[in-house]
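**Q** From the sequence below, what's the structure:
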Amino acid sequence: MTAASPTAPSTNPDTAPDTAPSLWPAGWVEETLPVAGTGLQLVKGGSGEPLLILHDEIAHPGALRFHRELAEHYTLYIPFHPGFGRTERLDWVMNMRDLAGWYLMALDELDLGPVNVIGCSLGGWLAAEMASMSPRQFKKLALVAPMGIKPPEGYIYDMFLQVAREFITTAFLDPESTPEFGELCPEAPEPEHALIWEVAREEACRLGWKPYMYYPGLPHLLERLNKLPTMVVWGREDGIVPVSAAQVYHESIPGSRLEILDNCGHLPQVEKADEFIALARQFFA
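**A** Coordinates of the predicted model:
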């Protein structure tokens with residue numbers, strides 16, 4: 001399928017509103033910090049060893065179950081990428097390689113590293129790009145249904161074919177049986193929440209448009225992760241990034257571990273929360 005050109009929604013592309021209610025647990029800190037040339041929206045919560053969480057292309061503005069349970073064992077650092085949430089867009093960041101380079105500068109300024117990281121979908125692609133540039137920045141790497149590699153079978157779903165809520169629904173194999181689906185994708189989202197979706201989709205497509213949501217050179221660069229413990233997690237019925245891309249990631253990262261979850265779509269951390277949390281705890285232990 002050939003992706004259509006993105007049509008910018010009628011929103012401020014630089015930032016989402018700061019009036020949305022916080023959906024983070026009590027005691028977690030949400031702040032905007034001057035980091036690497038922009039104002040970075042950063043959420044921090046939990047206790048234990050640092051664990052960096054890189055969000056997907058929708059950037060849900062709150063904690064899900066996998067966040068809360070991992071926070072029992074780790075201190076979570078959850079940044080919002082430039083152009084997402086309330087983090088200001090950087091005009092010079094034109095693609096995912098640029099964004100990865102910016103993040104490495106940001107982690108230097110935050111003095112966060114070497115650090116464990118979980119990257120989900122767009123955030124998984126981002127984590128893979130960062131690790132290919134600077135593998136020693138990370139201790140262990142979990143890639144959850146990452147974009148970034150062209151699937152040998154099928155295609156990466158064009159998020160602009162549907163409105164945001166329908167795109168999120170497509171990411172689930174069985175949304176009605178997923179307890180957190182309503183929280184992640186409310187039937188009638190508040191205007192602030194809907195605006196966050198639209199700004200996030202626009203920025204994701206701006207960063208990953210040509211070619212759509214992958215970088216042809218990435219499989220060749222992932223050889224640099226040969227000493228970085230890496231786990232790739234995928235839903236077998238992923239409707240956004242076909243599971244055929246999982247094998248390419250696995251084969252491109254020497255020594256990586258591949259976990260395919262049955263009866264699961266694009267968001268195993270939500271749709272198969274029990275299995276994902278168990279895998280994450282075991283992997284990062």
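
**Q** C-alpha from now on. contacts and neighbour counts both.
**A** Noted.

**Q** For residue 116, give me its contacts.
**A** By CA atoms under 8 Å, 6 or more residues apart in numbering, the residues touching residue 116 are 50, 51, 52, 138, 139, 140, 141, 284.

**Q** So which of those sit within helices?
**A** Using DSSP state H, the subset of those located in helices is residue 284.

**Q** Report the separation between the two terminal residues of stretch 33-53.
**A** Distance between the boundary residues of stretch 33-53 (CA to CA, to the nearest Å) amounts to 17 Å.

**Q** And the contacts of it?
**A** Outside of stretch 33-53, the residues that reach it under the criterion CA under 8 Å, 6+ apart are 27-32, 68, 70-82, 85-90, 102, 105-106, 109-110, 115-119.

**Q** Please look at residue 249 and residue 219 and confirm they touch.
**A** Yes. The criterion here is CA atoms under 8 Å, and residue 249 meets it with residue 219 at 7.0 Å.

**Q** Okay, buried residues for stretch 208-222 please.
**A** 208, 209, 212, 213, 214, 215, 218, 219, 221, 222 (16 or more other CA atoms under 10 Å).

**Q** what comes into contact with it?
**A** Here stretch 208-222 makes contact (CA under 8 Å, 6+ apart) with 3, 95-96, 128-129, 131-132, 147-150, 156, 205, 248-249, 252-253.

**Q** Now that we have these, which of them are buried?
**A** The neighbour-count criterion (16+ other CA under 10 Å) marks 95-96, 128-129, 131-132, 147-150, 156, 205, 249, 252-253 among the contacts of stretch 208-222 as buried.

**Q** Which two among the residues you listed are spaced furthest apart?
**A** Checking the buried ones among the contacts of stretch 208-222 against each other with CA to CA, the farthest-apart pair comes out as 205 and 253, at 25.9 Å.

**Q** Which one of the buried residues of stretch 208-222 is nearest to residue 271?
**A** Nearest to residue 271 among these: residue 213, at 22.5 Å, using CA to CA.

**Q** Give me the phi and psi for the closest one.
**A** Geometry field for residue 213 lists phi and psi as phi 60, psi 30, criterion degrees, to the nearest 10.

**Q** where does this protein have low pLDDT?
**A** With pLDDT under 70 as the threshold, the chain has low-confidence stretches at 1-22.

**Q** quick one: the strands in it?
**A** The residue ranges that make up the strands of the chain, judged by DSSP state E, are 29-35, 38-46, 49-54, 74-79, 115-120, 138-144, 230-235, 257-261.

**Q** and among those strands, the most buried is which?
**A** Ranked by average neighbour count under the criterion mean count of other CA atoms under 10 Å, these are headed by strand 230-235 at a mean of 26.

**Q** so who does the nearest residue to residue 269 once chain neighbours are set aside touch?
**A** Taking CA to CA, 6 or more residues apart in numbering, and ignoring the residues beside it in sequence, residue 269 has residue 276 as its nearest neighbour in space, at 5.4 Å. Shown here is residue 276, whose contacts under the criterion CA under 8 Å, 6+ apart are 66, 268, 269.

**Q** what's the answer for residue 228, then?
**A** Applying CA under 8 Å, 6+ apart, one finds that residue 228 lies in contact with 135, 136, 138, 139, 140, 141.

**Q** And for residue 245?
**A** Residue 245 is in contact with 149, 150, 151, 152, 153, counting by CA under 8 Å, 6+ apart.

**Q** In CSV, list the residues you listed along with distance to residue 178.
**A** Written out in CSV, the entries for those read as follows (distance: CA to CA, whole Å):
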residue, distance to residue 178
149, 27
150, 28
151, 26
152, 29
153, 27
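
**Q** Next, give me the two most distant ones among these.
**A** With CA to CA as the measure, no two of the contacts of residue 245 lie farther apart than 149 and 153, at 11.4 Å.

**Q** circling back: let's have the buried residues of stretch 208-222 in CSV, adding distance to residue 36.
**A** Listed next are those as CSV, based on distance: CA to CA, whole Å:
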residue, distance to residue 36
208, 22
209, 24
212, 27
213, 25
214, 25
215, 24
218, 25
219, 28
221, 25
222, 25
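
**Q** Kind regards, and thank you for your time.
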